[in-house]
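# just need the structure, nothing else, for what follows:
(2 chains, ligands or ions: 3)
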Amino acid sequence: MTSTIEAPRSPYTRSSKKSSVNWEKWGWIYMRVSGVVLIVLIFGHLFVNLMVGEGVNALNFAFVAGKLSSPFWMVWDVLMLWLALIHGGNGMRTLVNDYATSRISRGILKIAILVSVVALIVLGTLVVFTFDPCPAGAPADLVASFCKTL
Amino acid sequence: MSTATIDQKPAVPEEIKSFTVTLIVRRFNPEVDEEPHWQDFDVQLYPTDRVLDALHKIKWEQDGSLTFRRSCAHGICGSDAMRINGRNRLACKTLMKDLDVTKPIYVEAIKGLPLEKDLIVDMEPFFDSFKEVQPFLVAKSTPVDGKERQQSVAQRARFDDTTKCILCAACTSSCPVFWTDGQYFGPAAIVNAHRFIFDSRDENAAVRLDILNDKEGVWRCRTTFNCTDACPRGIQVTQAIAEVKQAIMRGKA
Ligand code: HEM
Ligand code: SF4
Ligand code: FES
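Ligands and ions are numbered 1, 2, ... in the order given. Okay, the predicted model is just below:
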């Protein structure tokens, strides 16, 4: 029985270990896809907050509390939070890869980016879904004035 | 029959005036200098002279130690890419009349490759990237009539732009991503991969796409367009890189 061994499809490449997921490719695609979605989310957000109705004068605690009690804006804000933070974090990772000169500084900076992105995403998501402007039983002088009327 | 007489004097061609141009050249002699330094030279030139002629005049008439590469002097061998007033150009294709000669002209070696002497850099890292993308036809099948691999006009036109590369390194050494650590394959290697990836006669597109799908491959490109601006052959370098990215995402050329 004879067997022939196929020539390797990929000869030598610089990164010796090839993982099954190509993070650089998916990172590149993610930057573009999230960018397109962020255009709608960010400009929609700015338009609704700053221009519709009374415009910027309407912005106060009650306005934000009102938005955060509507499921539509909760989904909108959470999407914006996750997409923008991962986008920004991945963009910063690109810059670190460009400019950090040693393996150690590169590692430290990338871990710092990861930690801050994860912390902000967790805190932000928590706020959006658990926000309650008038917690039951809170002293009146610590909560917004409109809570009395509820 | 009358005798022909000259009643008008032949027009004397207007004299073309020469002018003095100051060139400020970044010099480096590894045997004596710690650091490169700028040195100025005044040269008498015509509008039709090129930066290469100015360098020749300096070398032949003022300072024989000035070191640079050139061979064809006609924009085809790719030896004399240099940074002229901050932009990568071929010295042999940059005319005085296209520069502002009221100001000094700054000439230095291309960036991102190890400086060897004056305007000469070590091109080996550049050629290593070029070699890695297999810049040659790979075809195992036998041609239909046993002689030629035929191609339609449209198939040939698909990769025509990238056949024009003269490997001058102007593009790669104008790329800010290449400047950072020199690990990125660089535009020239991608242009020369494109030349074969989209060639209907070639059978190794998948391998080249794999090579450029690497961490240091096409994804490092940030669409700065410096390469397209620098290319003395007018190749749409950034577009070629984008086409390779698309081909990687499709999984085929
Ligand atoms: C308006 C919506 C946005 C769009 C359309 C957008 C688009 C993009 C694209 C396409 C890239 C990739 C550039 C490249 O690889 O060549 C990028 C990079 C980047 N983005 Fe955004 N982006 C948007 C919002 C944001 C926001 C809100 C942040 C901050 C949280 C951000 C931070 C970054 C960073 C740090 C980079 C990396 C820069 C670099 O690679 O040089 N972007 N953006
Ligand atoms: S693509 Fe243009 S600039 Fe780049 S090496 Fe080839 S000829 Fe020179
Ligand atoms: S000397 Fe050959 S390209 Fe300029």
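
# helix or strand for the residue of the stretch 51-200 of chain B found nearest chain A, which one?
Scanning the stretch 51-200 of chain B for proximity to chain A using Cβ to the nearest Cβ identifies B:Thr180 as nearest, at 4.3 Å. For glycine as for every other residue, the C-beta is placed from the backbone atoms N, C-alpha and C. Counting by DSSP states H and E, the element that carries B:Thr180 is helix B:176-181.

# what residues does the helix or strand that that helix is followed by touch?
Taking DSSP H and E as the definition, the helix or strand that follows helix B:176-181 towards the C-terminus is helix B:187-197. Surrounding helix B:187-197, the residues in contact under the criterion Cβ atoms under 8 Å, 6 or more residues apart in numbering or on different chains are B:126, B:129-130, B:132-138, B:159, B:162-163, B:165, B:167, B:169, B:171-172, B:175, B:202, B:204-205, B:208-209, B:211-212, B:217-218, B:221, B:227, B:235, B:237-238, B:240-241, B:243-244, B:247, B:253.

# of these, list those near ligand 2.
When Cβ under 6 Å from any ligand atom is applied, the members of the contacts of helix B:187-197 adjacent to ligand 2 are B:Cys165, B:Leu167, B:Ala169, B:Cys171, B:Ile235, B:Val237.

# next, count neighbours for the residue lying closest to B:Trp179 once chain neighbours are set aside.
Spatially, and ignoring its direct neighbours in sequence, B:Trp179 is nearest to B:Gly112 (4.6 Å; Cβ to Cβ, 6 or more residues apart in numbering or on different chains). By the criterion of other Cβ atoms under 10 Å in any protein chain shown, B:Gly112 has 22 neighbours.

# B:Gly112 reaches B:Asp181, doesn't it?
No - applying Cβ atoms under 8 Å, one finds B:Gly112 not in contact with B:Asp181, separated by 9.4 Å.

# using CSV, write out every CA atom in stretch A:89-100.
Taking C-alpha atoms only, stretch A:89-100 is exported to CSV below (Å, rounded to 0.1, in the frame of the first residue of the first chain):
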residue,chain,number,x,y,z
GLY,A,89,-11.4,48.2,23.8
ASN,A,90,-10.5,46.3,20.6
GLY,A,91,-9.4,49.6,19.0
MET,A,92,-7.2,50.3,22.0
ARG,A,93,-5.8,46.8,21.7
THR,A,94,-4.8,47.6,18.1
LEU,A,95,-3.0,50.7,19.2
VAL,A,96,-1.2,48.8,22.0
ASN,A,97,-0.1,46.2,19.5
ASP,A,98,1.3,49.1,17.4
TYR,A,99,3.1,51.1,19.9
ALA,A,100,4.0,48.9,23.0
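
# tell me if that stretch is near chain B.
Yes - under the criterion of Cβ under 8 Å from any Cβ of the partner chain, stretch A:89-100 makes contact with chain B via A:Asp98, A:Tyr99.

# in the stretch 101-250 of chain B, which residue sits closest to ligand 1?
With Cβ to the nearest ligand atom, the shortest gap between the stretch 101-250 of chain B and ligand 1 falls at B:Arg222, namely 3.7 Å.

# before we move on, what about chain A?
Each residue of chain A has a distance to ligand 1, by Cβ to the nearest ligand atom, and the smallest belongs to A:Gly91, at 2.3 Å.

# so who does that residue touch?
Counting by Cβ under 8 Å, 6+ apart, A:Gly91 has contacts A:Met31.

# list the buried residues in the particular helix or strand that has it in it.
Counting by DSSP H and E, the secondary-structure element that holds A:Gly91 is helix A:71-99. Within helix A:71-99, the residues that count as buried by 16 or more other Cβ atoms under 10 Å in any protein chain shown are A:73-74, A:76-78, A:80-90, A:92-94, A:96-97.

# same question for stretch B:22-42.
When burial is assessed from 16+ other Cβ under 10 Å, stretch B:22-42 yields the following buried residues: B:Leu23, B:Ile24, B:Val25, B:Arg26, B:Arg27, B:Phe28, B:Pro36, B:Phe41.

# circling back: can you flag which of the contacts of helix B:187-197 belong to helices?
Members of the contacts of helix B:187-197 lying in helices (criterion: DSSP state H): B:126, B:129-130, B:132, B:205, B:208-209, B:211-212, B:227, B:237-238, B:240-241, B:243-244, B:247.

# returning to that earlier point: the residue of chain A closest to ligand 1 and B:Lys164, how far apart?
When Cβ to Cβ, to the nearest Å is the yardstick, A:Gly91 and B:Lys164 sit 34 Å from each other.

# chain center to the helix or strand bottoming out on mean pLDDT in chain A, what's the gap?
Lowest mean confidence among the helices and strands of chain A (mean pLDDT, DSSP states H and E): helix A:61-67, at a mean of 86. The chain centroid and the centroid of helix A:61-67 are separated by 22 Å under Cα atoms, centre = their mean, to the nearest Å.

# could you do stretch B:88-95 as well?
Mean C-alpha position of stretch B:88-95 versus that of the full chain (Cα atoms, centre = their mean) differs by 9 Å.

# so for that stretch, mean pLDDT?
Predicted confidence along stretch B:88-95 averages 97 (mean pLDDT).

# residues near B:Arg83, how many?
The burial metric for B:Arg83, expressed as a neighbour count using other Cβ under 10 Å, is 20.

# which SSE is it in?
Once you assign secondary structure using DSSP H and E, B:Arg83 falls within strand B:81-84.

# neighbouring strands for that strand, and are they parallel or not?
For strand B:81-84, sheet partners with direction are given as strand B:87-90 (antiparallel), strand B:105-108 (antiparallel), following DSSP bridges.
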